[in-house]
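**Student:** 3D, please:
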Amino acid sequence: MLLNIFKKKILSFQELFPDGFNDIHSHLLPDIDDGAKSLEDSIELIQLFRNIGIKNITTTPHILGEVWQNTPTIINDKLNLVRKELIKKNITDISLNAAAEYMLDDVFMELLKEKNLLTIKDDFILVEFSYINHPENVLDIIFEIQTQGYKPILAHPERYNYFHKNIDMYRKLKQIGCYFQLNLLSLANYYGNEAHKIAVSLLENNLIDFLGTDIHHKKHFSFLNKIGTKKNVKLLRPLLRNNEILKK
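**Tutor:** Prediction:
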């Protein structure tokens, strides 16, 4: 049974997200990463997206070294499984696609050489850094991605603590053509005060290109319900249409 967690805020959410908004960061496919654990979970999460007015979703399972060894075949098989279940349940107004969230590690570099990557749309790929270790030669890695014909979108730049006191690194990444995707959960203090502070700063400095929920489970929706403040809406409004260019 779906949680009735949008009783007070659902109208503000529907007004916040335009009809064409496409969420480009979530973990909705069953039992292949730290997101949905079952097909039932997948359907429930998608229905919660639907409740807040988001009907275009490009979900992005992790591909991370030996931890989550997902492949295009694994991901697409799970995608087709969920699509069939949506049809079975007569949920026909959801556009569900899949890409991946790539950790920039040695495994990724091999996949990059093979050009065996799942894109969000066209040549856009979603990538992430380690939260613990500052990535070595990060500018060179971004350049190599671009050399291979891809356009990197860095997931949740506000969450990398080692950049928080180095705004110049954010600017350098932007200058060389790296796109930034902000987690909406950061604006609800889900990851703590520091990530929230940096998220606001990146928005105020016009460094964010795209938005994403990074939904893994139902708890995340409860936090999303807190982002509809006047200040957040003002910061987000100019960006909400950007995600439409990434619709498949």
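**Student:** Next, please give the residue ranges for the strands of this structure.
**Tutor:** For the chain, strands defined by DSSP state E occupy the ranges 22-23, 56-59, 62-63, 95-98, 101-103, 124-128, 151-155, 179-183, 210-212.
**Student:** Poorly predicted segments of the chain, please.
**Tutor:** Applying pLDDT under 70 to the chain flags the ranges 1-15.
**Student:** Centre of the chain to the longest helix along it, how far?
**Tutor:** If you go by DSSP state H, the chain has its longest helix at helix 72-88. Distance, stretch centre to chain centre, for helix 72-88: 19 Å (Cα atoms, centre = their mean, to the nearest Å).
**Student:** Check which residues of that helix are buried.
**Tutor:** Buried residues in helix 72-88, counted by 16 or more other Cβ atoms under 10 Å: I75, K78, L79, V82, R83, E85, L86. In short, each C-beta sits where N, CA and C put it, glycine included.
**Student:** of all these, which comes closest to L29?
**Tutor:** Distance to L29, by Cβ to Cβ, is smallest for K78 among those, at 4.0 Å.
**Student:** Around the residue nearest to the closest one when sequence neighbours are not counted, how many other residues sit close by?
**Tutor:** Distances taken as Cβ to Cβ, 6 or more residues apart in numbering place L29 nearest to K78, at 4.0 Å, with adjacent residues excluded. For L29, the count of nearby residues is 26 (other Cβ atoms under 10 Å).
**Student:** likewise E204?
**Tutor:** Count around E204 with other Cβ under 10 Å applied: 10.
**Student:** got the contact list for it?
**Tutor:** E204 makes contact with L235, according to Cβ atoms under 8 Å, 6 or more residues apart in numbering.
**Student:** This protein: helices as residue ranges?
**Tutor:** Here the chain has its helices, by DSSP H, at 10-16, 39-51, 72-88, 106-114, 138-147, 167-175, 193-204, 218-224, 230-236.
**Student:** List the buried residues of the fourth one.
**Tutor:** Spelled out, that is helix 106-114. Within helix 106-114, judged by 16+ other Cβ under 10 Å, the buried ones are V107, F108, L111, L112.
**Student:** Just give me the neighbour total for H164.
**Tutor:** Neighbour count of H164, defined by other Cβ under 10 Å: 16.
**Student:** what do you get for E40?
**Tutor:** E40 is flanked by 11 other residues according to other Cβ under 10 Å.
**Student:** Next: Y190.
**Tutor:** Quick note: Y190 (other Cβ under 10 Å) scores 19 neighbours.
**Student:** Kindly report the same for N232.
**Tutor:** 18.
**Student:** That one touches L187, doesn't it?
**Tutor:** Yes - N232 is within contact range of L187, at 5.1 Å (criterion: Cβ atoms under 8 Å).
**Student:** Quickly note the distance from the nearest residue to Y170 once chain neighbours are set aside to L64.
**Tutor:** In this structure, Y170 finds its nearest non-sequential neighbour in L207, 5.8 Å apart by Cβ to Cβ, 6+ apart. Distance, L207 to L64, using Cβ to Cβ, to the nearest Å: 25 Å.
**Student:** and these two? which has more neighbours close in?
**Tutor:** More neighbours surround L64 than the other of L207 and L64, with 21 against 18 (other Cβ under 10 Å).
**Student:** How about the more buried one: what's its closest non-neighbour residue?
**Tutor:** Using Cβ to Cβ, 6+ apart and skipping the chain neighbours, the partner closest in space to L64 is M103 (4.2 Å).
**Student:** bridging residues for the one you found?
**Tutor:** E128 (DSSP bridges).
**Student:** what does A155 give?
**Tutor:** As for beta bridges, A155 partners with Q181 under DSSP bridges.
**Student:** Looks like it contacts A100 (just checking).
**Tutor:** No - assessed by Cβ under 8 Å, A155 is found out of contact with A100, at 10.9 Å.
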